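1. Here's a sequence, model it:
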Amino acid sequence: MTPAVRPEGDEPMRRLRRAPEHSPSSRPSQRRSTGRSPVILIADDSTDTRELYAIYFQSRGFSVVTAHDGAAAIQVALDREPDVIVMDLAMPQFDGITATQRIKGDARMSRTRVILLTGYPDSAAERGSVGAGADLFLTKPCLPEVLERYVNRLRLPRRSV
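-> Presented below is the predicted three-dimensional model:
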């Protein structure tokens, strides 16, 4: 039997702690992180997508919370006040546009940065996301490294005009 050969530089995958999953009925008591780690909310009805992005961002030093639908995204966002929200456009309960409108409608969250992701791009959805207050509209598939670049750009202080 031939031993398995790993490409040079390929390290075994580390097992990372899964991001806490919240539903509207399970409200975390902790508010915005006061530590060094920025808080990111990953809202997507696809478990695989949520876990992929959560594991990646945790490995990059972010504190990650997740939500499985639009209603949970709203609740988690209001409870945790994340620095950036990455939200799927098509989700149960509330779609990404409606969830963004409700989140941005709260005075505490009006300056929170939101990235809407979709696997079904069209100009009407993009216009709707901008109208809802989203800061960026991206299409899936979106590599975690690419998403991280956009997240980091949005985390930069806004210039006052």
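2. Contacts for the strand or helix carrying Val86, please.
-> According to DSSP states H and E, Val86 maps onto strand 84-88. Outside strand 84-88, the residues that touch it by C-beta atoms under 8 Å, 6 or more residues apart in numbering are 38, 40-46, 49, 53, 73, 77, 96, 99-100, 103, 112-118, 147, 151, 154-155. (Each C-beta comes from the backbone N, C-alpha and C, glycine too.)
3. Give me the buried entries from those residues.
-> 38, 40-45, 49, 53, 73, 77, 96, 99-100, 103, 112-118, 147, 151, 154 (16 or more other C-beta atoms under 10 Å).
4. From those, which land in strands?
-> Using DSSP state E, the subset of those located in strands is 40-43, 113-118.
5. helices and strands of this protein: which one has the lowest mean pLDDT?
-> Every helix and strand of the chain was ranked by mean pLDDT, DSSP states H and E. The lowest is strand 21-22, at a mean of 43.
6. Name the nearest residue to Ala99, sequence neighbours excluded.
-> Gly70 (4.0 Å; C-beta to C-beta, 6 or more residues apart in numbering).
7. sorry, that was for Leu136
-> Ile115 (4.5 Å).
8. partner residues bridging the one you found?
-> Counting by DSSP bridges, Ile115 is bridged to Val86, Leu136.
9. how much space between it and Ile74?
-> In this view, Ile115 and Ile74 are 16 Å apart by C-beta to C-beta, to the nearest Å.
10. Thr139 now?
-> As judged by C-beta to C-beta, Thr139 and Ile74 stand 23 Å apart.
11. the more surrounded of the two?
-> The neighbour comparison of Thr139 against Ile74 (other C-beta atoms under 10 Å) goes to Ile74, with 24 against 14.
12. For that one, give me its contacts.
-> Ile74 makes contact with 24, 94, 99, 102-103, according to C-beta under 8 Å, 6+ apart.
13. Just these: which are in helices?
-> Applying DSSP state H to the contacts of Ile74, the entries found in helices are 99, 102-103.
14. quick check, nearest of these to Asp122?
-> Distances from Asp122 to these, taken as C-beta to C-beta, are shortest for Ala99 (18.7 Å).
15. on that earlier part again, can I get the ones in strands among the buried ones among the contacts of strand 84-88 in CSV with distance to Leu89 and pLDDT?
-> Below are those laid out as CSV (distance: C-beta to C-beta, whole Å; pLDDT from 0 to 100):
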residue, distance to Leu89, pLDDT
Ile40, 18, 96
Leu41, 15, 97
Ile42, 14, 97
Ala43, 10, 97
Arg113, 16, 94
Val114, 11, 94
Ile115, 11, 94
Leu116, 5, 92
Leu117, 7, 90
Thr118, 4, 86
